[in-house]
Structures are given as C-alpha cells and as structure tokens.
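Asks: Sequence isn't available, so here's the structure alone:
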C-alpha cells in the first residue's frame, strides 16, 4: 500500500516536477514572520559546552546562515576540527589561544627561544623541543576569520570562561557541498558526552549538530599505523573511541605552546598586512592576518556621543574577508536612542545582542512588519537582504554584533544626514508623500544626526 | 484525513527526498517548447501603467529573468523604490529624468546656481533651496544600469508617454534572496489603484507583482516620527495609507529639480568614465556612469548597408555592467534579411521586438525546434544559453533589443565571414557532412557577408 | 482519481512547500555510501564508441560532475559539438588532432606553406586551398581545457585507438542552464548508430546521453539554404538526416589539415603563454593555450623514489584553468605505498584509475567510512569536498588522474613532513589524543616522508 502510494506519487512527480519545483522555489523563502532566536540546545563536554541556535529555522535556512556559541572553561581545549563553510568567530568574553592550520604553511613557531619556555620546563620535567604553525592570542573583541576546510582549535588559557560566538555562511561559494554545516573533527569522540539540555527556553526541533565525528574513526587502524608509523595502541588513540570527554577537553597541566608575545604579534601582523596588500590569496595564504580586534578605535566608523557608535570590519580593513565574502560590525545604541531606519543593499545581516535590549521592527517588500519585538541579550535575529529595519534601544541601551554575507556590506539609511531621503529632490519628496514643500524639507532636513539618533534630539520637535 | 495523507506523504518524502530532488532538478528545466510572450497583465496607476510579462512562465523562471514595461504619462512620477535584483532599463519612447540613490554618495546637485531655477521660481512663489544626488536625463535609446537594492525614481518631463522596458536578472549573484523579484517602495500605496486589465491577448496566471508595498507602512508611526523628527501627521504621510494614486503619481506642477544641462552632463560623464577605469567598484560607486545611449554610433559593432546593424553595450563600453554581470544589444534587420544561425556561449538572451516582425527558429540540444514562429512588435522571447537561433526579418524589417545574463556575452555564428564553419578545416567539413571537398568549400565560403545577410545576396545563388 | 490525488497533493504542497523544500535540501546530498563506478553504457558509432559513467548517480549529481570516455578508432573523427559546461579532456592512449573553435578568432592556419601539403596533394588530385583556426596535436598525457559552449572536434590520426577521458563540471558558474550536461552537435545524426551495449558489468539506469542532436536539424532547410547560400541538397547535408554513421565517423582518406609542426607548436605556445599572463580572458581568448601535457617533468610537484610521484596542473601552470575553475593532477603510487590520509579544502576530487589498483577509504564528517574498497583500473570515484581519504597501492602499484572543481585545489595532509599534525603544538596533540608527550612527538614526527609513504619506511616501525 505504501509502495503503491509512493509509485503514484512518483508518477505524479515525473509529470509535474517542473511546476512543483517552481512552486516550491517561489514559496519556500517567502518570509512572513521572523522570530528572535535563543539557544535551543547544547552539547556538553568535559570542559565546556557548545550552544546551538535552531539549525532548522526557516530563516536561517533560507539565508544560508548558522550560529553557535562555545563556552570553554579555563584549561578547556576545543578539539581540532574543520567545517565546510567559512566562518567568523567573535570573542565575547574571556581570553584564549587559537590555532588555524593552513595547508603547506611553515611551522614558524619554534621552541628554540628559551625565554618563552623556561618557566614551564622546570615545572614539568625535561623541556620538549617543539615546532608548530603560528597561534593567535584571543581577546574580547577579536574576530577570527576561518576559511572553509581549515582546521582550527581553541584553548582557554585564562581564569574565566571563554565565550566565543561563531557565524557560518553555508551558502558561501566556498562550500561546494549542500547547505548543511558539517564539522569534521581530527580527534576525540565528539558525541560521547553530548546531551541536549532541557533547560533552554526554546527547544531545537532537530538535533543541533548531527553531522560531526572524528574522521580518524573511519580509517582502519592498520592504515593509520602505517601512515603515522606508530604502534597499534597509539594509532587507536587517533580514533578516540574510548574517549569520554566530548569535543571540549580539559588540559590537565598548562598547555605548553610557543606563544606570541604581544610585541611579536603586533610586528608580525603589520608585516602580514603589508604583504597581504600586495598579492592575491593563494600566494600569501600563509601570511594573511586571520584576526582583527573590532574594538580597536581605528575601526570606529561612526560615533555620536549622545546616541552610540558603530565599528566595522570589511575587506579593506581586514583583507582576508575578501576571500571569505563576509564582514562584521559592532554597534552600540545608548538609552532610548534610535538607529535610522535602513536597509542593506547586498547582504543578509545577522544580529546578535551582547548587552541590553532593543525594540526592533523588520519590514518586508510588501510593507508588512515581519518582526516587531524586543530583542534581548543572547538573542539572534536575521534581517534578510533589502528588508528594512529600525532599532530603538531600551532603558539600558543595547550592544550587538552584526555578521554580514558580503565582504563590503552596504547600508542605506532612510533618514539622517547621509540618507535616501536627502538624496531625493524636495519636489520628489513632496509629490511622493503628498506633502507641501515645507513639510518635504522637514522630512529631508529635520533629522540632523547621522545614522544613530539620540533620544533627546528627537524629542526636541514634533 | 488531509492530515493523514500529509503525514504519509511526509514520511515518503523523508525516505526518498534524494531521488525526488534529483528527478526534479533533472526535469524542471528541460525546455521542449518556448513561447513568445506578450504583456499578460498590468497595474494601473494615476499617471501611468506598468505592464507585466508572465512572471510564472517556466522559461523566465528557469533562466531567472523577468521583464516589465512602464508607460508613464507626462508629469507622471514612478515612486522611489528598490528591487532585490540588478536590472537594466531601456527607454523605448519619450523622455524623462531618472534618479538613482547611491548610499553614502554626496548630494552634488545644489540649487545655488541661479540660472537653473530662475524660470521656475517665478511661477511658483518663493524659490526653495535644495540639494540632492545627481539625476540623469533619459532619452530614447538610453540604457540605465541599476544595482540590486539601489532606490530609484523616474519622472516624465516630456509631452508624450515615456515608455521604459526593464529587464531583471533574478539568478544574479547580487540577489541573495530567492528567485522572486521583490520591489520595495519608499512611498505611496502601490496597490491602491491596481487592477489587472482584461484586455490583454495573453492572461497572466499569477498576480503580476504580488510582492510590493511601501516599507514605511511596516514601521510604527511613533518610530517614524522620532526618526524623522517630525509631527505625527507628517510621519503618517510617509506610510501613504490614504494614498489612492498607485505607484505612478501625477505631479501637479512641473517637478522642480536641479537638472543637468546637456554640456554639464557630458562633461561629468567623461570625468566619471575616466575615474571609473582607474579603480574598483566600491571606491567609485559614486562616480560610476549609470547611463549609456545604445544609439550612440560609437557603439555600433557591425553594419551591413543591405542587411542591418548591431549595436552592443558590454563591460568595456559601459563599465558598471561588469558589476551587474549583464549586457545589452540593439539590432536591426532590413526587409527579408537573415541573421546568421548562431548560439551564445555564456549567456541567456532575452529578445524584445520594438519594431516590425521576424521569423525566429530556436533549436535545443536535441536538434529539436522549440520555437518556430513569427515574433512581433511587443513580444518577448528567451533564447537559453547555447540554444541555436536563426532570425529572418519580415516585409517591414525588424528591430529588437537583446538583454544578456553576462557582461560580455559571446556569440558564435554558424556561417558567414567570421563563423564556426570557417574555423573548421575543409576536410573536417567534407567528412562531417558527407559532401565533396568542393561542396565543403561552398559551405565555408559561399556566404561572404558577416553575421547579417541581405536578402539579395542569398538569392544570387542556389 | 489520479487527478484528485494530484490536486490534493498540490494543495498540500502549496501549504508546506517551505518545509518540504528545506527537508529535501537537507537530505538530498547526505552521502552515506560512495560507490566506485565503471562505465555502465556506451554509444556506438561507425569509427568509435563513447562510454558513459552513470549520469544519474547520486554522488555525481550532488557534486555536479560527469565523466565519459571516447574510444576513437584510427581515422575516426568525433563530429564537431559543444557542451553547456566547461570540461577537461585527458588523452589516455593514442594520438590525434583537436580543433577548438573560438568565436571571432582569426583562421591563422593557411595552406600557403607548400611543404605541409605537398605530400597529400599528389595522392588526391588538385590541392585545395584552405584556411582554418589553429589545431592541436594531441598526445598521451595532454590535458585540453574546453570552455562551455566552445565547439570542438577530435580526429585520430594515429595507428592505434585514441582514448580520451572527459570530465564535466555541470555546477560550474559558466553553465547557466540546469545541471544536465547537454551536447549540441554541429553535424551528423548522433543517435542513428547508438545502441547501449549490454556487456558492461554495471548498467546505467538512465539513457547515458539523452540530450544530444544536430542543431541544424531544428532549422528549416530553406533557411539554411539562404544562410549558407547553397543549393537545397547541400543544405540538407547539414542536417544529416540520412547519416547512419553516428557521432564518430570514419574519414575515408587521410584528413587533410594544416598541422602544426612540433617546433611551430612549441613556439606558438610560448608566445601564447607570454600573452596570456599579461591580460584578462576576453582580450586574449584567441591566444590562450588550451593544452598542456601533465607528463611534462616541469609539472611534477612531488616525487619520492620509493613511494611515487604527483604532477599537478593548476591556474598558475595552465592559465586557462582560472577561467574554467577546474584543475587536474596525475599521481602514481608504487607497490604497497600509501598516500597520506588527507582532505581537500576547496574542491571535489574525481579520481579515475588508469593503471593498477589501490585500496581506498573515504570518510565523511560523521567519521563513517563511506567507501572502503579496491579501486581498479577504469573505475571512477568521487571524493567530496572535505571528506577524508587514504589510499594504498596494491601489488602492481597504481596510477590515476584526479579532476578537481577548483582551479587551485588545496590539499591538507593529516601526517607527514608537511601536515596538519605537524602544525599542532605537541601539547595540543597530547591532550587531544590522550597520549603522553613522547607519543605525541611520535605522532608528529615518526612519519618523515611527505605525502606519499613507501611501504618499507612504514615497516621500519610499529
């Protein structure tokens, strides 16, 4: 019976697939309702937890984005892994060390410089000679850009929880697989420890990360033994089948790595930036700067002492973004201040609130309000390309990070000193809105601030 | 019952989605029949009408293109709006003024130069100081390139109807939403006036533009009041809820805008073009030339006094096309002349006949004639990438505009002075077609004209 | 009844299309099982046969690739045709001549130089003057890059069968049609001779090439007569309706073409390469080098006298690949040698074994072995982007060609002199795999070879 139905169905499909596919595509991303999303599930591990925002959410799916948050305890190590999409990691709290493995690049960090290792070597017996690729210190405000397929690991070397939010772009050209985020671990037994906690206010409909495992597990031990030229026991360790720690493991002693000193890091970064400007991606992949701090005052695009500020990292300021086709901004609105109603011309915009709350309205092409709600700390909302949005901070003000699916996302404000309304001739304004020329001038010029409007300024009139 | 069926269905889907999706994709764009399309519906407004070609047409859908035509009456203003796809607008008849709002670009047109405003100021009382972004005069043959998400408006300042045809590329990389064209109005009440006229010879199956509205309508008035710093009544005007004029409104007095004089415009354009060649898109978005006249003799690619002519705007001649990944050509065939059978290597080709008629045959990869009909004035046909086509003008000759989904669309002619047949060794021709070497030479060399063949030349032989 | 069911279904779809489309997309490329594919069908012709690998295979479909093999007998001519995808052709055996028709490029090969034609002219009566585009000699190891939509033909001028394998990338940006490979013939009657042979060990589920025909067949003879300015009989020959030879025809006498001499070819190619480096694609399409021999020792990337060798053609070595966004490698593993477990960051990898056999394991993101089998001569396997793979040659060693869906495909080895494990700090290794520092050092450093590991070296330990 089921078979019969299936075959009838199939016959129907073969006849009408054209129509159906068209219908589906026309309908499947008609966004009539946007929801603010909170973490809906998590995967626990020995030394931390990863929280997930609904991977099955229609809007995430339509815009091809995903969002997670790692909470790594002190001495926690997120095991090395790679993902089939480019992604941006933003350090919300704490400090750590990050390593990104870039194919074919030299292991430039060598343990020959004694001063860096001396303190550790005494504590733990004989000093081990080591050599590895460069690692990055990771501080609040740091944004790390990780290409698709590049393995990376994170270690919390601080005394407090390290909180990192990560934004994935599954529709990116760099992903030739389907639109599922897939994480390939190089170690451990990622799901050994996993439990979906029931304490969230929203519940994920699907398992938050059904797609990850340790790739060594799929190889025969004999092959690993031969390839690594080690004994069977060590080769079995690569597969981690008896590992119960999950994907974030506790390092029993301090992790001994060759760390960049502050001065060294800055110097390197300057050199890297120089080189990065000269050439294309492939030649300089080893010297590309993968990290930039968005709190660096040099990145402030706009500041209004009464209303707030906006910082921005695009392909000019952070050249690797050109290859990832992503960018990121950090914004703050003070108490009751408003951000100009606006739209983004060439990107989806994924907003994650880090502090406070704000009232947000999002409007689609039909002029319908598809989101009209408070957006609170920890919530995420997707503002699709071209959809109009207005934001008003609450009593505590609001701070948020915005991830964009374009390396040079362009925003058009509807009102303010630099805006669409000012671009229009006054007579176009008057006729479009059926107002007098005098009122048209008010619409164009009454709002004299730019982009962020202080609460007081608005009250001055009307 | 419906629920049960649905759940059975769903179960079936979860099992066989892979197969099904594959089947669908393999089938949904098998084009076995192409139709010439005429306007099938329209949306009326106070001072004009927009005509639509079936948005639901399978071929439009598969090739990701859409096509509309605005007919704007004298003193009609197409309200400011933006669309989620890049598009090209071609002025078929009449004259007008066009404004394209580019984010962050300066308002370079200022009303300080008295000579431009003096004539108007007397008629209408006190002269209003104004400042706005540059506007373009819009004449027959002008092609305007509008990036995705860029707001624009059109005003008919002539004495006759302004007819503008617009080509949209919904599959363009710049559109990150789905394949629906979505228009976001900045003013008015676009559907207030809309009626689908029943007088068309073809009827649209779907509502021609279900996706447009005034974005201000989705914001709370209080927010608009605060953002624009105006009183409630003025803020309500932004929403246009009581506006009954539709999307093309009548300007009661002449629209007072700072107009480019002819000499000013030319000078600017030269400067812009200079600058445009030096840098990338983002740096020069404010100075990029958005308009080019395809009737400019400099753009003629090919002319045959007996057969016709072809003009072409590609990324070299009109640099913004590089960013839109689109191009356009205008062709004319004289009475009974033939265009060489040909195919386009890297683009779909959307043909809109402006004058006369021609016989067109389009052939798919199976060697089947999928279109074989007269194509008349006002009709549109899509020639998919790689499909072969031949055109023969009727007794009145034919003129048409071709929009291409590549900024440097490449055509291969099958015969003529520069053609595939001439590229082949004579012995390849002889063996491929089973003809003698002498006949192979005739196939290669008998047609001595290039691309367009006059009727007389062909009659000389055979 | 069928109608009722259909309409119920449709109603269901209109309600739930969003969910369904999402489900499908989430599921349709979940690759849980990869199969080695052999030729499953073929199309016979007068002077050769084309063999097909299952075009309907899920993995081929998901990764957007297709694979065929032409076997052209001596004096066989593959009729001129073009395809809607870019493709790479690799000569496995034999020698031939290839012509690629590039639109608008001059016919630079002229029969004015007597020495090239003199020997032929006596045998076959009066010498024919001819002029055509350049042609390429085609030898074992040659890779030819053919852009989407570019017509081409192949002639076997040797004494043995010419075997050419061809890789198509249907998901390539250059293909704006759907994901079906479509071949448009310029001559003949491709299916006249076609029979699907039943002797294959695997059977195709679908007809291997349902999509090809002679485009002239879709035009009216009168139009062809007029366009080519020839008599009706000759015009009918273009359509080839009475042609029974199929898509590979026998040339009765030696094909008389103006051939590049060896020195001429080399000189041209050097010049072409020079020019190719200076400019963009469009300006130099006529001078772009379309052929490169992968067996040229200059292309060896890596050689290990005990283990094997790898040659590679990417966008730097073969500039046209930049425009095709494809690349190719040729590898050899000696008896019992192992290739480092590895993954490719930015490309699918399609492996075709030309000699010998090897054991291959492919691992997905869940750590599951999705392929674990012998791969023998003539078999093809797709290794999806980011999936991990290990290969071990059998007793006869193995040689294979790898086609990649990126013009600069990047591989990360898991172990060896340049590898992910060496990039990690020893303490990250120790903690990730729960081993001692000493064992971590063994994991990092025991394998001292690079990429390919000889059988003996591995046996030295463990």
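Replies: Yep, that arrived. These numbers were taken from a predicted model, which means no experiment stands behind them.
Asks: distance of the nearest residue to residue A:73 once chain neighbours are set aside from residue A:99?
Replies: Distances taken as C-beta to C-beta, 6 or more residues apart in numbering or on different chains place residue A:47 nearest to residue A:73, at 4.6 Å, with adjacent residues excluded. (C-beta placed from N, C-alpha, C; glycine too.) From residue A:47 over to residue A:99 the distance is 17 Å, taken as C-beta to C-beta, to the nearest Å.
Asks: In the stretch 201-350 of chain A, which residue sits nearest chain B?
Replies: Nearest to chain B in the stretch 201-350 of chain A, going by C-beta to the nearest C-beta, is residue A:345, at a distance of 3.1 Å.
Asks: mind checking which helix or strand the nearest residue to that residue once chain neighbours are set aside is in?
Replies: Of all residues beyond its chain neighbours, the one nearest residue A:345 is residue B:149 (3.1 Å), with distances taken as C-beta to C-beta, 6+ apart. Under the criterion DSSP states H and E, no helix or strand holds residue B:149.
Asks: residues near residue B:149, how many?
Replies: When neighbours are counted by other C-beta atoms under 10 Å in any protein chain shown, residue B:149 registers 24.
Asks: wait, doesn't it sit right on residue A:347?
Replies: No: contact between residue B:149 and residue A:347 fails when scored by C-beta atoms under 8 Å: they sit 9.4 Å apart.
Asks: Find the residues that touch each one of those two.
Replies: A:385, A:410 (C-beta atoms under 8 Å, 6 or more residues apart in numbering or on different chains).
Asks: for the residue of the stretch 201-350 of chain A closest to chain B, what are its contacts?
Replies: Per C-beta under 8 Å, 6+ apart, neighbours of residue A:345: A:385-386, A:410-412, B:82, B:103, B:147-150.
Asks: try residue A:94
Replies: By C-beta under 8 Å, 6+ apart, the neighbours of residue A:94 are A:72, A:140, A:156, A:158, A:160-163.
Asks: May I ask which of the residues you listed has the most neighbours?
Replies: residue A:156 (29 neighbours).
Asks: State the distance from that one to chain C.
Replies: 12 Å (C-beta to the nearest C-beta, to the nearest Å).
Asks: how close does that residue get to chain B?
Replies: 35 Å.
Asks: Then residue A:438?
Replies: From residue A:438 to chain B the distance is 9 Å (C-beta to the nearest C-beta).
Asks: what about that residue, which SS state?
Replies: helix (DSSP: H, G, I helix; E, B strand; the rest coil).
Asks: give me the number of residues near it?
Replies: Residue A:438, neighbours per other C-beta under 10 Å, totals 10.
Asks: pLDDT check: weakest of the contacts of residue A:345?
Replies: Across these, the bottom pLDDT score, 89, is held by residue B:103.
Asks: Excluding covalently adjacent residues, which one is nearest to whatever residue of the stretch 101-250 of chain A ends up closest to chain B?
Replies: Residue of the stretch 101-250 of chain A nearest chain B, by C-beta to the nearest C-beta: residue A:171 (7.4 Å). Spatially, and ignoring its direct neighbours in sequence, residue A:171 is nearest to residue A:64 (2.8 Å; C-beta to C-beta, 6+ apart).
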